[in-house]
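> Have a look; sequence and predicted model below, questions after that.
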Amino acid sequence: MQDPAPERGGSARPAEGPASGGASWLRRVFEEVRGSSQLSVAPAEPPPVTVVAVERYLAEAGPPPAAAAPRFWYDLTLADGACQERCHLAPRLNGLVQRAHLRPGARLRLTRCSYLYDERRLRCGFLCLEALERVRGAATANTPARPARRRPPPLRGERKHYLPLWNNEDPYGDAWVAERPQAQVDVDVSKLTSLGQLEMTWRSRVHFHPLLVRVLHKSRLRYYGKPEKKLDMPYQAYFEVADGSGMMSMVLWNSLCPEWYNSMKVGTVLLLEQYAIKTSYPFKTQPTPGDSQMKRFATIEISLNVRDPPTKISIIPEEMVKPEWGLPEVKYRFITRSELDALPNNHSCDVIGLVTFVGRAERARKREHGEDFWLYRWAHAIDGTSDQPFILELFATSQPDVFEHIHPMTYLVCTQMRVVRDLAENPSSTIYLTTSNESQIFITGWHKGQPYTKDTKVKNFIQWTKTQNEADQMKKTVIGGYYPFPRPPNTFLKYCKKNKVESVLKALGEMGKEIEGLHYREHKRIAVQGIISAIRYISCSNAAEEASGVELVQKDTSQSFESSAMPKEDCVDKGKNTNRQNKEVKSFLGPHCTPEEQHQHQALLSKKSSVKRKIPHRLNTDADQGSASVTPVSSYPYFTRSARRKLGLDEFQHEDVVQDKNVQAVSDSSQYCTDREGMSDILETEETEGTCDSWQSDLWTRVKDKLMKYLHHSTIFPESIPRKFDYVHKDLLMQQYNLHAAVYQPEETRPDKNISEFKSASGLGYYEVTVLGINHDVAIDVAFLPLFCPEDPHLFKLEDIQNDTLLSCMSCISACQQTASGRLHDMFSLSSEIVKAAMDLDGKHVICILDICHLGDDKVEVFLSKIYQTVEPDVLDPV
């Protein structure tokens, strides 16, 4: 728990690591700003300092208009090699944290600081960061590993604790006790009451006899703090507890949550004294008990609080539990994958499986325009009873040590999962499982002592794993990247069934605003109207060039990453700057960028908006080209005979082409653009038969030079690509696909390996699709990433988009090409099927479903997920 009167001021303390020698620059700035007449200074030639921690806490309500005030504040811990200093981040710079420009390990220069006194306390104040500038390079070796072990409370206001950086449901900070000691108590059975007796007599009693119960279910934490409220620990957690008479809800309130939540596990036996009984909250979620015969007392609940009355809680060690106490055992509802397909929607079950895929951690906003987020990730797990995996949507369950360490090849147990399927509205949709409020997840290393280890189906799974070849399973494992699931339904009417069409559709011209409003790892799915006007295929080598070219500019942060301050759109009104995010970045970075860097960045932008021309399919004919290997038609997975004939698989010519692996970065972006333009000019006159690498409509040719706004969001970033899992580098991969930590954690040995060096799990490249606004004044480039994993065809299912002709063709042709050639082509063409599907949409109004996700800094991926065609004004049909 926190000290009665903990230190709030921002006084510096010595660094824990080896100091660089000399007086602390942070200490000098601290004294200088405090002695200034304006309580504000702009340090001359500030040296770089390192961000050690970024911590979030609930803001306090200010004077009206309170609606414009931020919901959360942030404190930063900075280190200069000689000491550490806690500082408050000016609220107008909150966006730098929310978009991961400012994170632990970053190096900064403080260009303006102020000092704020707390007028409600004596001799209490703190340093406030008003303007910052980022410095190139990672944290130095002498940066301390973490701040002080016992964290003082937040600097500003009267809050007593920090929140986790990216969600509200996880325990965070040293106030949360990891494990309460078990009590050595003598249980006097004669003084106990039962849950059944409580329900009958609670209205006539003020004080209640002790209860002896076992925890059967445990909910995630609920944080209910609000800026206008002044509760110290506004937390709540529900438990379902049982004795021999039945089951009842128990609620843990406020400051008891940090003290007891982690210790109250499923299966724990509790002795409760001095508790309260209250009427049940009617809208609480209800877990499904493993024992369907168990009686549930639903009218009342046990309330545990620090006062009124002060509850006394004792944990009874399992070895002291006596059979005569009659406490029920924890029972589960485990299913196998072969049983899943027969289960109805919303059915509750428990599963165990071997993880073959785990996606990156992403966030979804709880309320539109709010600052609270759900944290979730996707995973696949197999159990040997079916060739299909469990598809699992895992929301954070207040178990951050488990959630952040899910990786392929671990044994995963998920309890109280809910079946999600929609046979009535979308019969072809893939079934999956999602966590509920009472779900718990466990991975290898956490299974010992859990009650489910006695379950028959768990034992059967363990026996199956002993028959498996580890190397064979490793070949199928994938981690991270863009995961387009669940797919949109097959009609737009079903897509917007629960929403008004007017609120579902976004104007294409507002896409820039939608994108700049995203927070770090926030995922959104939006619908826009438009016209498919151009398609360009970009091979893996070219994709690497484009992404690395962008990164070259972004990483050149000694001059600050100026690319952040440059809008990702071409506007006719060049003088009007409405990009709020760019303003934040500029205030963060300051005015920097040499003319050469500006020219390089403009060259990259011009490359992305260059005229698309039909270019014939080119093959690499180097002398070291390997011998061709032909894959039998029968080896194509999951294509019917009619589908093969439609896609031309039976006549597919397999050519083995060697990719130039040395092309990894753009050494001269402007020269690359010039060369590509020249090549286009030469090849444009050549007649091609059947294939090209780009297509554009006649309408696009006429309007592309007259657009008022042209947004470029078709870049594929390294974080967007699913990677083959490498167990040797599992810690690096998990760190890459988790969210940035709140506290800097340097590794003893940093592997000299970049995420781009891990093998891609899918695809030869991707498609850039240009969508023209229906008023012909705005356009946007988006990406379509065909996902197909030859080692595990069930990972990215092609049939999910089979009713979408254009995207289906692009996915299937890419999958066939990848299956046919063991290696990747340097340039892949648009097939005649793709061109035909695109021409069928020429000039037609369509609805495009876009998946957008903020990857940190200024990296935002925008993927095309679905295309619906509008046939008549009020009639919507799938393409």
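That came in fine, so what should we check first?

> and Gly105, how far is that from Val743?
Note on Gly105: its distance to Val743, by Cβ to Cβ, to the nearest Å, is 10 Å. Quick note: C-beta positions are derived from backbone N, CA and C, even for glycine.

> Common neighbours of those two, please.
Shared contacts of Gly105 and Val743 (Cβ atoms under 8 Å, 6 or more residues apart in numbering): none.

> how far out from the middle of the chain is the longest strand anywhere in the chain?
As assigned by DSSP state E, the longest strand anywhere in the chain is strand 523-539. Mean-position distance between strand 523-539 and its chain equals 22 Å (Cα atoms, centre = their mean, to the nearest Å).

> Find the nearest non-adjacent residue to Glu470, please.
The spatially closest residue to Glu470, leaving aside those adjacent along the chain, is Met409, at 7.6 Å (Cβ to Cβ, 6 or more residues apart in numbering).

> Correct me if wrong: that neighbour contacts Gln473.
Yes: at 6.8 Å, Met409 and Gln473 qualify as touching, with contact defined as Cβ atoms under 8 Å.

> So for the chain, the centremost residue is which one?
Central residue of the chain (Cα atoms, centre = their mean): Glu362, 1.3 Å from the mean position.

> Spit out the contact partners of that residue.
Leu375, Tyr376, Arg377, Arg521, Glu522, His523, Cys853.

> burial measure for the nearest residue to Ile443 once chain neighbours are set aside, as a count.
Using Cβ to Cβ, 6+ apart and skipping residues adjacent in sequence, the residue nearest Ile443 is Thr410, 4.6 Å away. By other Cβ atoms under 10 Å, 20 other residues sit near Thr410.

> State the distance from Thr410 to Leu354.
Thr410 is 8 Å from Leu354, by Cβ to Cβ.

> sorry, back to before: please name the strands paired to the longest strand of the chain in the sheet, noting orientation.
Neighbouring strands of strand 523-539 in its sheet, by DSSP bridges, are strand 505-506 (parallel), strand 694-696 (antiparallel), strand 765-772 (antiparallel), strand 846-854 (antiparallel).

> On the three-state scheme, Glu32 is what?
helix (DSSP: H, G, I helix; E, B strand; the rest coil).

> brain fart, Ile716
Assigned by three-state DSSP, the conformation of Ile716 is coil.

> Just read off the phi/psi values of it.
Note on Ile716: backbone dihedrals following degrees, to the nearest 10 are phi -100, psi 120.

> before we move on, what about Val778?
phi -130, psi 150.

> Now do the contacts for it.
Leu508, Gly509, Leu707, Met708, Lys709, Tyr710, Leu711, Leu772.

> if I look at the fifth one, how far off is Val769?
It stands for Lys709. 17 Å.

> Can you list the low-confidence ranges for the stretch 1-150 of the chain?
Per-residue confidence for the stretch 1-150 of the chain (pLDDT under 70) gives these ranges: 1-22, 64-67, 138-149.

> All the strands of the stretch 101-250 of the chain, in order from the start?
With DSSP state E, counting those that start in this stretch, the ranges of strands along the stretch 101-250 of the chain come out as 107-117, 125-135, 211-218, 222-223, 235-243, 246-253.

> Export these as JSON lines, with columns for distance to Thr465 and mean neighbour count.
Below are those laid out as JSON lines (distance: least, Cβ to Cβ, whole Å; neighbours: other Cβ atoms under 10 Å):
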{"stretch": "strand 107-117", "distance to Thr465": "45", "mean neighbour count": "19"}
{"stretch": "strand 125-135", "distance to Thr465": "47", "mean neighbour count": "21"}
{"stretch": "strand 211-218", "distance to Thr465": "27", "mean neighbour count": "24"}
{"stretch": "strand 222-223", "distance to Thr465": "36", "mean neighbour count": "16"}
{"stretch": "strand 235-243", "distance to Thr465": "31", "mean neighbour count": "23"}
{"stretch": "strand 246-253", "distance to Thr465": "33", "mean neighbour count": "22"}
